[in-house]
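Chemist: Everything below, folded, please.
(chains A and B)
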Protein chains: 2
Amino acid sequence: MNIPDKVINRLTLYHYILEDYNENENISSTKIAELLDIDNSQVRKDIKYLNNTGKCRVGYNVQKLKTAIENELGFKKQRDAFIIGAGNLGSALVKYDSFKNYGLQIQAMFDNDTKKIGTEINNKKVFNISELPELSKNLKVNIAILTVPREYAKETAKFLVNSGIKYIWNFTPCILDVPKNVKVWNENLIGSFLQFINKDEM
Amino acid sequence: MNIPDKVINRLTLYHYILEDYNENENISSTKIAELLDIDNSQVRKDIKYLNNTGKCRVGYNVQKLKTAIENELGFKKQRDAFIIGAGNLGSALVKYDSFKNYGLQIQAMFDNDTKKIGTEINNKKVFNISELPELSKNLKVNIAILTVPREYAKETAKFLVNSGIKYIWNFTPCILDVPKNVKVWNENLIGSFLQFINKDEM
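Modeler: Now for the predicted structure:
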């Protein structure tokens, strides 16, 4: 797929909006633009990346536009992932049921804290991190969501790489040093906040 | 400030990297580029947005580059915020001590669950949401971090707006309808994940 990052991001937001409408309603690009405080022309341009958008005289058919976004961004394709770290953030993410609707299925959690190992959070079992290599192989999971404290981030990432993990969604404020064949996506909350406040100096 | 969003994002990541070095060391743009798997020229271009970067023959002085990023992005300027929703995500964010290092100070949490009201999470008190208008005024807090369940997002946002909140950092998968003078930043985790996996189709 060849859709720019910013467009992927916005298409997901359009999908959030559509969730609030009935499927047989129509919605105009103007309405979407207004809700997101962006340009109408931007919305129309983004939607041009999609097929069968249900475009009609009064806008877009909600169901068709939703399906078009889902097809293009692959929401219906299931991707299995592990959460590493059963702390607050890990627990919040495993309870974030919206992930499932967008194709992200959490299969298990891992920690090294014996008080957490064996417990369940939102019906997902917390395993000893030492069991990860085998479970990753058996369940064919190669995506890890890293939520450990900063000071353990690097060594944990090394362990994940050695266990065959190929994609690390990194929620720690630490840059990981991984081989070229492993992809890291830094979920940079601080950067996100700074972008927000710098839009409009408070 | 006139730094593009993507540059702000990357500069924050460079700062994360510098945290792992001694302040009197030097670091090359090549090393930074390698750790983030991006182009060296990109790193040098981003750093050109800064003043007094400690550029020398062998790269950049770590302390000077760190300070330059901090000054430009305003890490040292304290911004006070409330967290709305004392659930898993709210609790995770209030425990995310890194925020403080980047100028974001959580002053209090709010919920409508009587079991949570009056408790403390990471030394921050959970108040009844009904107390927000007064506390917002008294503490001069106009930033809210919204972590309530999707189904309460819209009504809570309306309440925040009526209480004088001017900036909403929205962690819910719901688009809020707010007046023009209120800024919303959608923390779009789903969009973020989809960008990640679409980089390299799994």
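Chemist: confidence score at the closest residue to A:Lys95 other than its chain neighbours?
Modeler: Excluding the flanking residues, the one nearest A:Lys95 by C-beta to C-beta, 6 or more residues apart in numbering or on different chains is A:Asn122, at 4.7 Å. C-beta here means a position set from N, CA and C on the backbone, and glycine is covered the same way. Here the pLDDT value assigned to A:Asn122 is 93.
Chemist: and what of the one 4 residues further on?
Modeler: At A:Val126 the predicted local distance difference test score is 98.
Chemist: for the closest residue to A:Ile117 other than its chain neighbours, which residues make a bridge with it?
Modeler: Spatial nearest neighbour of A:Ile117, excluding adjacent residues (C-beta to C-beta, 6+ apart): A:Asn128 at 4.9 Å. Beta bridges link A:Asn128 to A:Asp111 when assigned by DSSP bridges.
Chemist: Test my guess that A:Asn128 contacts A:Phe110.
Modeler: Yes: using C-beta atoms under 8 Å, A:Asn128 makes contact with A:Phe110 at a distance of 7.3 Å.
Chemist: These two: which has the busier surroundings?
Modeler: Using other C-beta atoms under 10 Å in any protein chain shown as the criterion, A:Asn128 and A:Phe110 rank with A:Phe110 on top: 27 against 14.
Chemist: how much space between the residue lying farthest from the centre of chain A and B:Asn88?
Modeler: The outermost residue of chain A relative to its centre, with distances by C-alpha atoms, centre = their mean, is A:Arg57 at 33.7 Å. Distance, A:Arg57 to B:Asn88, using C-beta to C-beta, to the nearest Å: 45 Å.
Chemist: now A:Asn138
Modeler: 28 Å.
Chemist: So which of these two has more stuff around it?
Modeler: A direct count of neighbours by other C-beta under 10 Å for A:Asn138 and B:Asn88 places B:Asn88 higher, at 20 against 9.
Chemist: residues contacting that one?
Modeler: Contacts for B:Asn88 (C-beta atoms under 8 Å, 6 or more residues apart in numbering or on different chains) come out as A:88, A:91-92, A:95.
Chemist: can you list the domain ranges for chain A.
Modeler: By the assignment in automatic domain parsing, chain A contains the domains A:5-73, A:79-191.
Chemist: most neighbours, which of the contacts of B:Asn88?
Modeler: Using other C-beta under 10 Å as the neighbour criterion, A:Ser91 leads the contacts of B:Asn88 with 24 neighbours.
Chemist: For that one, which residues are in contact?
Modeler: A:Ser91 neighbours (C-beta under 8 Å, 6+ apart): A:121-122, B:88, B:92.
Chemist: In strands, which of those fall?
Modeler: Judged by DSSP state E, strands contain the following of those: A:Ile121.
Chemist: In the contacts of A:Ser91, find the pair that's most separated.
Modeler: With C-beta to C-beta as the measure, no two of these lie farther apart than A:Asn122 and B:Ala92, at 14.0 Å.
Chemist: From A:Val161, how far off is the residue nearest to A:Ile117?
Modeler: 19 Å.
Chemist: Name the helix or strand for A:Tyr6, please.
Modeler: Quick fix: residue A:6 reads Lys, not Tyr. Element membership of A:Lys6 [criterion: DSSP states H and E] is helix A:5-18.
Chemist: That helix and chain B, are they touching?
Modeler: Yes: using C-beta under 8 Å from any C-beta of the partner chain, helix A:5-18 reaches chain B at A:5, A:8-13, A:16-17.
Chemist: got the angle for that helix vs helix B:5-18?
Modeler: 110 degrees (axes from the mean of the first three to the mean of the last three C-alpha atoms, to 10 degrees).
Chemist: ok, now which ones touch A:Asn142?
Modeler: A:136, A:164-167, B:202.
Chemist: Please convert the buried members of the residues you listed into ChimeraX selection syntax.
Modeler: The ChimeraX selection below is limited to those of the contacts of A:Asn142 classed as buried (16 or more other C-beta atoms under 10 Å in any protein chain shown):
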select /A:136,165,166,167
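Chemist: wait, which of the contacts of A:Asn142 is closest to A:Arg44?
Modeler: Within the contacts of A:Asn142, the smallest distance to A:Arg44 is 30.4 Å, found for B:Met202 (C-beta to C-beta).
Chemist: what about A:Gln42, neighbour count?
Modeler: A:Gln42: 16 surrounding residues under other C-beta under 10 Å.
Chemist: The residue farthest from the centre of chain A and A:Asn26: what is the separation?
Modeler: 9 Å.
Chemist: same thing with A:Lys115?
Modeler: A:Lys115 is 53 Å from A:Asn26, by C-beta to C-beta.
Chemist: So between those two, which is more surrounded?
Modeler: Neighbours per residue (other C-beta under 10 Å) separate A:Lys115 from A:Asn26, with A:Asn26 holding more: 18 against 9.
Chemist: Test my guess that that one contacts A:Lys64.
Modeler: No: taking contacts as C-beta under 8 Å, A:Asn26 lies outside contact range of A:Lys64: 9.7 Å.
Chemist: Span of stretch A:109-123 from start to end?
Modeler: By C-alpha to C-alpha, to the nearest Å, the extent of stretch A:109-123 from end to end equals 10 Å.
Chemist: nope, stretch A:46-60 is what I was after
Modeler: 13 Å.
Chemist: Return the set of buried residues in that stretch.
Modeler: Of the residues in stretch A:46-60, those buried (16+ other C-beta under 10 Å) are A:46-47, A:49-50, A:53-55, A:59-60.
Chemist: For A:Asn26 and A:Lys64, list the residues in contact with both.
Modeler: With C-beta under 8 Å, 6+ apart, A:Asn26 and A:Lys64 have no common neighbours.
Chemist: related to what we said a few turns ago, quick one, which of the residues of helix A:5-18 next to chain B has the minimum pLDDT?
Modeler: pLDDT across the residues of helix A:5-18 next to chain B is lowest for A:Asp5, at 86.
Chemist: What sits closest to it if chain neighbours are left out?
Modeler: In space, and not counting its chain neighbours, A:Asp5 is closest to B:Gln195: 4.7 Å by C-beta to C-beta, 6+ apart.
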